[in-house]
Structure formats: C-alpha cells, structure tokens
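Asks: this one's sequence-less:
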C-alpha cells in the first residue's frame, strides 16, 4: 500500500509518523509546499501529545529544547466573570490515588473535587497541579503535563525524524487528483505533472481543505449557532522572566486573549466575535490591555465546525482540514490524536469500499468533536455583562440541546462520568474538567457530598502532602527548562 | 440512612445485605425472610463477577467452596445447538498472557486472537487455554477468570451466618403490608406477627413475588417475550458424577435446552422450553428419554422474560428475580444483582432524596437488555428438527436496534463500539460473541487484514497452553477435595 499525507503541519507529520509505525513496510509519502507554509497556531497542547509522542518513540522531554518548548500544567482563566478573578483548569495530578473506604478502593479524584466544592475550599490551595502552576513550577513525575512549543520548530523536528524513518518528503503543490471508478483517489498530481501513486490519503492541508472540501465537497457542519468566536489576530509578546507553566486565557470585551509562554517569547493573540468588533478595534483593545504596540502576524478568520464525514472513500481529513473549534482548550492536536487512535480500530477495511465501517468511524469522530465544542461553549456561560457581546451572549448563542441537560447536572453538582463518557465519543473532557470550570465560573449550586466525605486522604491531609511536594519536589519552570537546554548543549 | 431493609433472604437479598452493611456500617441493616416461602434457588451458576464481589465483602471465594457445596466453573459448554451433535464452549477469559499487536495495540488483544483463530478455522478447544482445561476437567484458578457453581440454599444460609456475625438483623416473618409517607416513599413494612419494621431504604429481593416493586408500586413490566423464546422450566436433579465437570452444560433439545450444573454431591439440572409448543408432561417425557432415567420434577417455573421499566422507584430498588429475569442460559441473574449493587455506589448521595432515578434506571435497563441480546444470540442455530427451531427466527425476530450487531457479527466485523457503552454496565465482551458466533457457525467471514502480527503468535501460545495444561492445571475433583481439607 502507498500512503500519502497531503500537508506538512503538526497534523501531517504526526499522521505520517504514526502510519509509518503501524505499516513499517509500506511506503509513506508526505507532500508539502514550503511556499504555502503552515498556519501554526496550535502551540498549546494537552497531555495526550506527550503520551502520543512516547508511542512514536519520541521522548517528549528530550525534544523540548528542539521545539523551543515549555511545560503546561493547565489553563488559567482570568476575568471570565468580570470580577478580575481567575481560576485554573489543570490536568490530573498523580500524587495520590484517592479512595473512599468501604465504597471505592481507588480513582476518587472526582469525589475529592466534589468535597472541595461542597466545603467551598479554594482549588489553588487544595489541588497539587494548580498550586505548582501558580508558583511557576513543574513536577513532571507527579502530574499529567502537556507541551507548549513553537509550531514551526515542532513541524521541523518531526520532519527530521520522519526522514530518518524513511518517510518520503516531496516539496510541491498538489494540483489535482485522479480517482478510480469507486471514487477512490489513486493518483496525486503534483505541480510538475508528476503523478504519485496513492492507496490511502490523509488530508492535512489545514484550512485549504484540498481533498475533503475541494475534491470530495463534503458538507460543512458549522457550530456558529452556539460557538461565538469568528476571528483571531495572533501576535507575540516578550517572554516573562518567571516563566508561567500554564496557558493563560484572559476574557476581554469581545472575546479573549491567549498567552502561551515559551522561553524566548510569549505567543499571544486576541480572538473575538467579529459581529461586534472590527479587526482594527480588536487590535486597539488588545494594545490597550497589554499597554504596548502589537504587531499582528496575520488575521485568521474561521467558521467553527467540522465536516459531516471526516472519512470519505480512501481519504481521512485530519487537523484543521477536518474540523476547527477555537484555541480555548487546546483541542486541535488532541483531536488529531483521537482520530489516529480511533483509526487503528479500522485497519482491516482501509483498502475496501466498505461504507458501514466508515460510517461508524465518522459517527465516533463527530461525537468527539461535538463534545469538545460543548465544553468550550460552557466557558462562555459567565456572569460578565460589560459589553454588548457578553450581555447578548446567552441569547445570541443559545446553549445546544445536548448540553442543556448536562448543564443542569453540573449546576446541582450531581455530575458523574456516565453523563459524559461514551465509547463512541473518544477524547471527552473528564469530570474534573467540568468541575474545575463549573466551580471556577461559580456555576455550581450547593453541593451535598456528605455520604462521600470520608475521602482518603482528606482535604487537610492532602493539603499537607501538596505543600511538601510544592516546596521540596516541584522545581521552577525556567530552571527546569534551562537544564533541558543545557543537556543538548553538553 | 438509619434503617436499611432487605425484603427477601435469597442469594440476592443476602448479597445486598452484606454489601449495604459494608457501605453503611453505622446503619441498621435488616433482612426479612420467610423459611416457609423458601427461595427459588435456580441461580446456582454464576460468572466471574461473583469473585471480585465476594472479595470486596471480605469473603474469600475459594475458602467458602466447601461450605456451599460449591464447584468451579470455567465456562459454559453448549451441546448440539446446531443439531449436529457437536459442542462448543463459551469460556471466561484466561489471564495467561496479554495479547498485543506490534506497533498497533500494546495491550488487550484477546479478541483479535480469537478473530485470527476464526480466520484460520482453528479449533478453540485446542487454542484457548480455559476451553482446553475445561474439557479435560481441569482448573487453574490463578491463571483464569473462573466462577462458582453452588447449592443456592447452602449459599444463602452461609451468607446469613456471615450476615449475623456482622450485625445484620434477621427477621423471620412474612411481609403483609407496605406503608408509605407523603412522597410515596416506603416508610415501614407490616409483618404477619404484627411487627412493624421502619425503613429509610428498602431492597425488594422477594423473587418472583415482587412484593414491593410489583404489588406496591405497580411498576410497569417490559416483557422481552417478542424475542426471548423460553417460557417455562422444570427443575430436577441428576445423580452426581465421580469426575465433576468444571463447566455448566447447556444442551439443546427439541423445544429449548437442558442445563447441568455439576456439584460434588449432585448435578442440578432442568429443562427450559417454549411452552407454546409442548406441555409440561411432554417436556418431562423428552427430558427423561434424553437422560435415560425417571426424573423427579422439583418445581415447574413459568416466567415472562423481561424487566421492570424502573428498577429504582422512590426509596426502593428491586434486585435479583424481583427486578428482572431472562432465563438461566448465561447465568446472568446473580451477575445482574451485582451490577445493580455496584452501580449504586455512585448514587449514595441520592438514596434519601426525592429525585428522578433516570440515570440509574437507564443504565440498569441497558445492562439487562445487553445481557438479553447475548442470550438471544444463542438461538441463531442451524437446527430445524422441530417446529420450535424451524419457526424460531420468524416467531422471534431480531429487534430493530440490534440488527446491525447481528450483521456485523456475521461478517466477522464486530467491534467493542457495537456492544459496549459506559451506560451499560455488565455487558458481554467481544470474546463472548466470537466464541458463540464461531461455535454456532454464525460467522460467515472474517477480515483480520493488518492485524495478523499478534504477540504471542498462535503457535507460541499453543505451546504455552499445552505446557500449562499438562503441568499447572489440576483435576477439578481433586482440587475440590483438597479445598475440603484446608
């Protein structure tokens, strides 16, 4: 079989490496055009990426200096309720395994969260990963962490590894496709009219959507009726001396601004609802907020949503070409990984014209993207009312049907994993994500956790444990990175 | 929760009582039972879920075997379901190795191993450890998931003994009335002796009498009669065999099937059939001629396979036969009780609240239906020797919602997405479907392209199981005797 990957951004290279690992004896070719370049906004990730890299035999810590990377413990949300307060959505830590004697022998972190909420205790004091994050520290042995990186450097490094692993790289634009009588693409036509044989192709062409959109003309399912963001302006800020070990997302008048702290710069930008504000006004607002002149790197316009079928015939669309939400929860690369990991359940049908399996794959991927969009939507359900955008948000972007029921359960705190998990929805945000955001936004009403309050360790015991670890074990983020960078120099 | 009351002292009732006492050590837990009514005690074969559950109650499953006249079960042996005198086994999963497929799946590829065997048309009894040892009357309790066979009356009285030691009150009496408060929560039970038992939460474990869920709450019954064919059973015993088989047998007969549950002192048996086609007397006659001996029918049990729409109503949960009943083919009854109790752990904060029980009831409903789907599959055979078998598919058509599963299985393309769901606790896994689908010759083709590279390989694994079967697995009867001496 000949596998072709169209497009060489993060999604394209991750796909190429993954397919080569599964099919070491098949030819894997990636076609990219240096002229087109990559969009590279996916600079913040989730813990799925380090895990996925490990599976590809790429050590996620060793690569940090090569991709100008840093560590991410979670996302800090600032001023979303308009009260200048912040809250964190941190990943799970692995310091202890909570239990409730006689009830649950393990895995009770969710009940610990509920216990904190029922007692109205501050999560930044009682959750390890929040505490170290707010101290600009890291402890990669005891937490689930993710990477921040420079997307161009990341793609370059993956390209280098891929070439070592016998993935063929072609630098060219794609000008067309040939298909057989079943509508399967069997040749990719390059600029110089050279034709590449193809048995299976991945569309990783970003917003250009060369195959899924232009060739197969699949229907786009827009989330515009509830996802408010429509435009973004990325810019750079200077890097901070004390380097935060988290992404920041700061609510502004018509959207929010991100900060992705890298050692040499802070990737930033303002993403907004362009129904309310022009690009110029957005820049103006961002410059006021940051108190400095900003240089817009590009203006990105998007329609949040996904294609109805991410797998058509012998083509799967991965990354921005298949779906895009918005960067709020760093879901883009995660979604790429979900698609690849689900794909391996279907390897026996990739060369067959078998609609039943593709339908199942598409149902699963659609659920996965839809679910992520609901969680993002939840972040906008705030108490802010300082601009037309925020005042009109709930009316203009009514809560999607499927989230309505969930929202009631989040409010009364009776939220369980049954409410969100489903085998046909891979890559769902966990209960702890919903509780952190729900609690952070002050959405959760009084919560009765008395039956489960016999949690082990108790909040006070756990607080002692995390204070010890925060002081003795966790280390300063910048120091940690300097050590990694030194490792490659020596 | 001050007073937790369990109505009914069968296996379900006692397991519920011990479990609730563990969760709520400070609460009063009472079991109301009536020796006169007795227990139905057909649930004498179980699934591996019983082991972890007993463990969680600090009851050691191996140690209790001599006390409950128990034996080991490796799986279920199905005989003559295709009318060709052949047999196949639905064994539990063994734990000898963790299969993987290099570069694709790092763990848990047993189902792909099964699919690979099917694609090469290899016999499971030579290539699957637990099937192999079972057919040699051997057991290996450390390397396999096993289950228990037992005498249900002995099991209940053993659990009662432990229950009393753990301060569970036993009330020997008969329930004659149910009192409720203004929210329609059961507040007390009136007993024949005139005694009144107060209750904050009640478990209806009254078997087919369904005293509370049925008679008091009049909850709606969802019958599976449209697709589940069995309607009656006659229960009898067969004499014990010197060499105790470590598996349940289910032998297809003309109008249903006969079970055999081998215990050290007797074989529990019976014939379960579609009474639309034969009378009880004819059924007995057929069974007697099959077993070549006079049989003493202990009880005739008519039933309507199905479940209540809501198994949790107000402050009452129906467990065991009181809540649902399929038929004994896959020993699902006690498993279902355990699923219901285990899931309840997530809802402890709602026991005393007047909330809709939607999620629990949805999950338990799913759980029962998923089990019924698998039981129903067993009847998709090639038998055609009687009207019952000839008319089966037409009279009991596949429910619409499951048609794709049958299609996928037939094409050998069944995936866990098709059968499992987080809101469906206690479903049969892919390896159950592959064993039954292959055993019945229901799987027409199988496509394992790109998943061939399994580790260990078929040959390596066969070598391993031949070795373990000869050197590690031990004779079942000897193992039971050894347990007695402990």
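Replies: Perfect, I can see it now. Quick caveat, the model's predicted, so the values are computed rather than measured. Residues are numbered from 1 along each chain as shown, chains lettered A, B, ... in the order given.
Asks: contacting residues for the closest residue to residue A:475 other than its chain neighbours?
Replies: The shortest distance from residue A:475 to any residue other than its chain neighbours is 6.1 Å, reached at residue A:137 (CB to CB, 6 or more residues apart in numbering or on different chains). Just so you know, the C-beta spots here come from the backbone N, C-alpha and C atoms, and that holds for glycine as well. Listed by CB atoms under 8 Å, 6 or more residues apart in numbering or on different chains, the contact set of residue A:137 reads A:245, A:470, A:474-477.
Asks: just the buried members of the residues you listed?
Replies: Neighbour counting with 16 or more other CB atoms under 10 Å in any protein chain shown marks A:245, A:470, A:474, A:477 as buried within these.
Asks: Take those and write them to a markdown table, including pLDDT, secondary structure and distance to residue A:339.
Replies: Converted to a markdown table, the buried ones among the contacts of residue A:137 look like this (pLDDT from 0 to 100; DSSP: H, G, I helix; E, B strand; the rest coil; distance: CB to CB, whole Å):
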| residue | pLDDT | secondary structure | distance to residue A:339 |
| --- | --- | --- | --- |
| A:245 | 98 | coil | 28 |
| A:470 | 97 | helix | 37 |
| A:474 | 98 | coil | 34 |
| A:477 | 98 | helix | 31 |
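Asks: quick one, phi/psi of the residue lying closest to residue B:341 once chain neighbours are set aside?
Replies: The shortest distance from residue B:341 to any non-neighbouring residue, by CB to CB, 6+ apart, is to residue B:19 (5.0 Å). The phi/psi pair for residue B:19 (degrees, to the nearest 10) reads phi -70, psi -50.
Asks: neighbours around residue B:19, how many?
Replies: Around residue B:19 there are 23 other residues, counting by other CB atoms under 10 Å in any protein chain shown.
Asks: wait, what's in contact with it?
Replies: B:53, B:57, B:341.
Asks: Show me what residue 189 bridges to in the sheet.
Replies: I went with chain A, as the question did not name one. Beta-bridge partners recorded for residue A:189 (DSSP bridges): residue A:176, residue A:195.
Asks: Can you look at chain B instead?
Replies: Going by DSSP bridges, residue B:189 forms beta bridges with residue B:178, residue B:197.
Asks: so it makes contact with residue B:175?
Replies: Yes. Counting by CB atoms under 8 Å, residue B:189 touches residue B:175, with 5.3 Å between them.
Asks: re earlier: any chance of the buried ones among the contacts of residue A:137 in CSV with distance to residue A:214 as columns?
Replies: Shown next, in CSV, are these (distance: CB to CB, whole Å):
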residue, distance to residue A:214
A:245, 41
A:470, 52
A:474, 49
A:477, 43
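Asks: what does chain B have sitting close to chain A?
Replies: Within chain B, the positions near chain A by CB under 8 Å from any CB of the partner chain are B:22-23, B:25, B:56, B:103-106, B:345-346, B:348-351, B:355, B:359, B:363, B:404, B:408, B:413, B:415-417, B:420-423, B:447-451.
Asks: taking the residues you listed one by one, which sit in strands?
Replies: Assigned to strands by DSSP state E, none of the residues of chain B next to chain A qualify.
Asks: Buried only: go through those for me.
Replies: For the residues of chain B next to chain A, buried by 16+ other CB under 10 Å: B:22-23, B:56, B:104, B:346, B:348-351, B:359, B:363, B:408, B:413, B:417, B:420-423, B:447-448, B:450-451.
Asks: residues from the stretch 201-350 of chain A in reach of chain B?
Replies: A:344-345, A:347-350.
Asks: Would you write a PyMOL line that selects the buried entries of those?
Replies: With 16+ other CB under 10 Å as the criterion, this PyMOL line picks the buried residues out of those:
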select buried, chain A and resi 345+347+348+349+350
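Asks: so how many other residues sit close to the closest residue to residue A:119 other than its chain neighbours?
Replies: Once flanking residues are discounted, residue A:119 sits nearest to residue A:459: 6.9 Å by CB to CB, 6+ apart. Neighbours of residue A:459 under the rule other CB under 10 Å: 15.
Asks: Please apply the same query to residue B:223.
Replies: Neighbours of residue B:223 using other CB under 10 Å come to 10.
Asks: Just give me the closest of the contacts of residue B:19 to residue A:80.
Replies: Distance to residue A:80 across these (CB to CB) is lowest for residue B:341, with 41.5 Å.
Asks: Let me see the contact set for the closest one.
Replies: Residue B:341 neighbours (CB under 8 Å, 6+ apart): B:15-16, B:19, B:53, B:319.
Asks: can you give me the offset of stretch A:185-194 from its chain's centre?
Replies: 33 Å (CA atoms, centre = their mean, to the nearest Å).
Asks: any weak-confidence spans in chain B?
Replies: B:38-43 (pLDDT under 70).
Asks: in it, what residue sits furthest out from the centroid?
Replies: Taking CA atoms, centre = their mean, the residue of chain B most remote from its mean C-alpha position is residue B:182, at 37.6 Å.
Asks: That residue: which element?
Replies: Under the criterion DSSP states H and E, no helix or strand holds residue B:182.
Asks: Phi, psi for it please.
Replies: phi -70, psi -20.
Asks: Up against chain B, what does the stretch 1-150 of chain A have?
Replies: Residues of the stretch 1-150 of chain A lying near chain B (CB under 8 Å from any CB): A:21-24, A:55, A:102-105.
Asks: Mind telling me what element residue A:28 is part of?
Replies: In this structure, residue A:28 sits in strand A:27-32 according to DSSP H and E.
Asks: That strand pairs with which strands, parallel or anti?
Replies: Here strand A:27-32 is paired, per DSSP bridges, with strand A:2-6 (parallel), strand A:168-171 (parallel).
Asks: which other residues reach the helix or strand following it?
Replies: Heading C-terminal from strand A:27-32, the first helix or strand you meet, by DSSP H and E, is helix A:48-55. Identification of contacts with helix A:48-55 by CB under 8 Å, 6+ apart yields A:14, A:21, A:59-60, A:63, A:145-147, A:333-334, A:337-338, A:340-341, A:427, B:106.
Asks: Okay, the residue in chain B that chain A sits nearest to and residue B:378: tell me how far apart.
Replies: Using CB to the nearest CB, residue B:450 is the residue of chain B that sits closest to chain A, at 3.8 Å. Residue B:450 sits at a distance of 31 Å from residue B:378 (criterion: CB to CB, to the nearest Å).
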